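Chemist: requesting a structural model of the entry that follows:
(2 chains)
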Protein chains: 2
Amino acid sequence: MMNKEITMLDVTLRDGSHSMRHAFTEQQVRDVARGLEKAGIPYFEVSHGDGLGGSSLQYGFSRVDELKLIAAAREESANSKISVLILPGIGTRKDLENAASAGANMVRVATHITEADVAKQHIELSRNLGLETVGFLMMAHMAPTSVLIEQAKKLESYGAEIVYMTDSAGALLPHEVTEKVTALRENISCKIGFHAHNNLSLAMANTIAAVEAGAEFVDGSLRCLGAGSGNTQTEVMAAVFSRLGYKTGVDLYSVMDAANDVVAKFMPRPQEITGSSLIMGYSGVYSSFLLFAQEAAERYGVDEREILVQLGQMQAVGGQEDLIFEVAQQIAKEQAMLVK
Amino acid sequence: MMNKEITMLDVTLRDGSHSMRHAFTEQQVRDVARGLEKAGIPYFEVSHGDGLGGSSLQYGFSRVDELKLIAAAREESANSKISVLILPGIGTRKDLENAASAGANMVRVATHITEADVAKQHIELSRNLGLETVGFLMMAHMAPTSVLIEQAKKLESYGAEIVYMTDSAGALLPHEVTEKVTALRENISCKIGFHAHNNLSLAMANTIAAVEAGAEFVDGSLRCLGAGSGNTQTEVMAAVFSRLGYKTGVDLYSVMDAANDVVAKFMPRPQEITGSSLIMGYSGVYSSFLLFAQEAAERYGVDEREILVQLGQMQAVGGQEDLIFEVAQQIAKEQAMLVK
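Modeler: This is a model prediction of the structure:
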């Protein structure tokens, strides 16, 4: 009989930053934080969508400085712990120290699934600052399980206390989550976390699969407020795990209130599964490819979805944006041949 | 090795009638039907949300007569077959005959999970009319698997060619779907279908579970347009089953176009998981209880969610609306005792 307890971590105030175009106000952050504290959510994350230091021309400027938002969230929460996200290369050592001073308890150091190496220094610094330290492997669908294990072991060796598998594109299927988390559970000894996106309408299912395979930390966002089609819906997750017999320590009605009386009132649009988010999940490409694909589709008169699906099959990664136009041109050529 | 083929049935133009408050226009029906036909959807359903004859003071009047809508859909579809839903007691023998004349190919005779008996005459009539005939068991979460099997066997004995298990309240969990469909597969010889609702964010997961346990027909709606939080999202289902290696015969990009360029343009609101739909799925009560629970909650100063959860535990069924006020009163009494 496994220990049927899980720890919920709400990412509304970080992943939701994408949907809010980084325009959270201090009042919104306070209201959400108060709601999560009342509901007994053990951890919630506050950061720019792209992590500490993300406020920039490239990733979008935050309306309110994130240190101010972290400090505000800290004031509203006596029991809930506050997590911050940091992507080495975007967030600096200084950002991490400032976040700790502002009241963060946990740092999640995020890298691409094959690049755990770059997390080493940040993980060590985080441990030195006395913060709970998480290694956060993004775009997990892009690497075979053997690579996932190798990268997770690195994070553990650097000092990560929890290793997250992150389905950034919402591209994983439940049986794949089961296989990957089972392998992690067999190969590392620290705790395992799982972060889902709902592009294929499988965020909740994948979260169950992860927990049944041994994950103990699970992410969600209120009303799914997050990038793409959003995350596992926090308040729904509380209900489903209660029905499945897991203890979360979260009060269902209070977390529903935070979702429906607070977040639903200010979210700019519902988190539906639209054309682009579905194709992201189906093809497994980066969201940053979408705009380029639209441009290339228009230039060459082809279907942008076809471009994205082919890029997914080629396992294109960030930085390969030129490839998008080559692929579009190639599709246009093939279509012209077919017409002849 | 199982035969990895499934048949998709789109219910946008029937279950979506609830979300549209039965106000589909003929043009909307034509546009959706044309999109589904183009996408190669083998079956789609056109009816009032509560089935043939549902247009009434009690269930809400349709803007356009459903026979006109069925005939319009028929004109737009050369290959897709048209299904109609009928609830004995609401739809009559005459309604069925008229639907067949208007161009319906399939009839789904729907009853509560414990009341297959009342489907006998309609199933026999449907067979006599030469229509493909389905028995459709609603609120499947309210009966143990043994009862589901007994009722499914009755439908089969009356002449149903396909038996559907219907999760009307979106209350089933994937392992429950697996258990129930596996039992059906072992005990009846006709084809099995599954119809999901997304109240617990598990419609897609439950549909996969049903197919893996032996279901061959699966329902969905474009952009989830359906009662409560809506159904399994048709276009997402096409993508997911393609990724899982199933043949559906449905063209992904065309079905996405029907969802995003047609349905998304006229749907009155997004199909989110809100407070009431989550509580419906969590408690497993009838949607018709919601308004009464709100009224009772106000009268006795208690949380409507608490009322619904208790009604769910009591397995209250339609017709027991008086019970709602008794439960509310009892909760108020207990709370008063706690305060003292």
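
Chemist: please count neighbours and contacts with C-alpha atoms only from this point.
Modeler: Noted.

Chemist: need the contact list for A:Asn187.
Modeler: A:Ile149, A:Lys153 (Cα atoms under 8 Å, 6 or more residues apart in numbering or on different chains).

Chemist: how many residues are close by the residue in the stretch 1-150 of chain A positioned nearest to chain B?
Modeler: Using Cα to the nearest Cα, A:His141 is the residue of the stretch 1-150 of chain A that sits closest to chain B, at 13.1 Å. The tally of other residues near A:His141 (other Cα atoms under 10 Å in any protein chain shown) stands at 24.

Chemist: try A:Val32
Modeler: Neighbour count for A:Val32, taken as other Cα under 10 Å: 24.

Chemist: which strand or helix spans it?
Modeler: In this structure, A:Val32 sits in helix A:26-39 according to DSSP states H and E.

Chemist: what's the answer for A:Val84, then?
Modeler: strand A:81-86.

Chemist: next, the angle from that strand to helix A:26-39.
Modeler: 130 degrees (axes from the mean of the first three to the mean of the last three Cα atoms, to 10 degrees).

Chemist: buried residues, strand A:81-86. List them.
Modeler: Across strand A:81-86, burial judged by 16 or more other Cα atoms under 10 Å in any protein chain shown covers A:Lys81, A:Ile82, A:Ser83, A:Val84, A:Leu85, A:Ile86.

Chemist: those into JSON lines, with extra columns for pLDDT and distance to A:Phe266?
Modeler: Formatted as JSON lines, these follow (pLDDT from 0 to 100; distance: Cα to Cα, whole Å):
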{"residue": "A:Lys81", "pLDDT": "98", "distance to A:Phe266": "24"}
{"residue": "A:Ile82", "pLDDT": "98", "distance to A:Phe266": "22"}
{"residue": "A:Ser83", "pLDDT": "98", "distance to A:Phe266": "22"}
{"residue": "A:Val84", "pLDDT": "98", "distance to A:Phe266": "22"}
{"residue": "A:Leu85", "pLDDT": "98", "distance to A:Phe266": "23"}
{"residue": "A:Ile86", "pLDDT": "98", "distance to A:Phe266": "26"}
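
Chemist: residues from the stretch 201-340 of chain A in reach of chain B?
Modeler: A:201-202, A:204-205, A:223, A:236, A:239-240, A:243, A:253, A:256, A:260, A:270-275, A:278, A:282, A:305 (Cα under 8 Å from any Cα of the partner chain).

Chemist: among those residues, which ones are in helices?
Modeler: Using DSSP state H, the members of those that fall in helices are A:Met204, A:Ala205, A:Val236, A:Ala239, A:Val240, A:Arg243, A:Tyr253, A:Met256, A:Gly275, A:Leu278, A:Tyr282, A:Arg305.

Chemist: can you report how many residues lie near the fifth one?
Modeler: By the other Cα under 10 Å criterion, the neighbourhood of A:Val240 contains 23 residues.

Chemist: the second one now?
Modeler: Neighbour count for A:Ala205, taken as other Cα under 10 Å: 25.

Chemist: and it, what does it touch?
Modeler: A:Pro174, B:Leu202, B:Ala205.

Chemist: contact partners for the residue of the stretch 51-200 of chain A found nearest chain B?
Modeler: Nearest to chain B in the stretch 51-200 of chain A, going by Cα to the nearest Cα, is A:Leu200, at a distance of 6.1 Å. Counting by Cα under 8 Å, 6+ apart, A:Leu200 makes contact with A:Gly170, A:Ala171, A:Ile273, A:Leu278, A:Gly281, A:Tyr282, B:Val236, B:Ala239, B:Val240.

Chemist: which residues touch the fifth one?
Modeler: Under the criterion of Cα under 8 Å, 6+ apart, the neighbours of A:Gly281 are A:Ala169, A:Gly170, A:Ala171, A:Leu172, A:Asn199, A:Leu200.

Chemist: show me which of these is closest to A:Ser287.
Modeler: Relative to A:Ser287, the closest of the contacts of A:Gly281 is A:Ala169; by Cα to Cα it sits at 7.5 Å.

Chemist: show me the domain layout of chain A.
Modeler: As assigned by automatic domain parsing, chain A contains the domains A:7-266, A:285-339.

Chemist: the longest one: how far from the chain's middle?
Modeler: Computed by Cα atoms, centre = their mean, to the nearest Å, the separation of domain A:7-266 from the middle of its chain amounts to 6 Å.

Chemist: where are the low-confidence patches of chain A?
Modeler: Across chain A, the ranges flagged by pLDDT under 70 are A:1-3, A:340.

Chemist: again, 50 this time
Modeler: A:1 (pLDDT under 50).

Chemist: where do the strands sit along it?
Modeler: A:7-10, A:43-45, A:81-86, A:106-112, A:132-138, A:162-166, A:191-195, A:217-220 (DSSP state E).

Chemist: list the contacts of the residue of the stretch 1-150 of chain A closest to chain B.
Modeler: Here A:His141 is in contact with A:Asp167, A:Ala171, A:Leu172, A:Gly284 (Cα under 8 Å, 6+ apart).

Chemist: among those residues, the buried ones, what's the ChimeraX command?
Modeler: Filtering the contacts of A:His141 down to the buried ones (16+ other Cα under 10 Å) takes a single ChimeraX command:
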select /A:167,171,172,284
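
Chemist: pipe the contacts of A:His141 into CSV and attach distance to A:Arg299 per row.
Modeler: Converted to CSV, these look like this (distance: Cα to Cα, whole Å):
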residue, distance to A:Arg299
A:Asp167, 31
A:Ala171, 28
A:Leu172, 31
A:Gly284, 23
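
Chemist: out of the contacts of A:His141, which sit inside helices?
Modeler: Per DSSP H, the contacts of A:His141 never map to helices.

Chemist: looking at the contacts of A:His141, which is nearest B:Gly214?
Modeler: So of the contacts of A:His141, ranked by how close each gets to B:Gly214 (Cα to Cα), first place is A:Leu172, at 22.7 Å.

Chemist: now the closest one. Nearest residue, chain neighbours left out?
Modeler: Nearest residue to A:Leu172, sequence neighbours excluded (Cα to Cα, 6 or more residues apart in numbering or on different chains): A:His141, at 6.0 Å.

Chemist: which one of the contacts of A:Ala205 is nearest B:Asp322?
Modeler: Closest to B:Asp322 out of the contacts of A:Ala205 is B:Leu202 (31.2 Å), distances taken as Cα to Cα.

Chemist: how close does the closest one get to A:Ser201?
Modeler: Separation of B:Leu202 from A:Ser201 (Cα to Cα, to the nearest Å): 8 Å.
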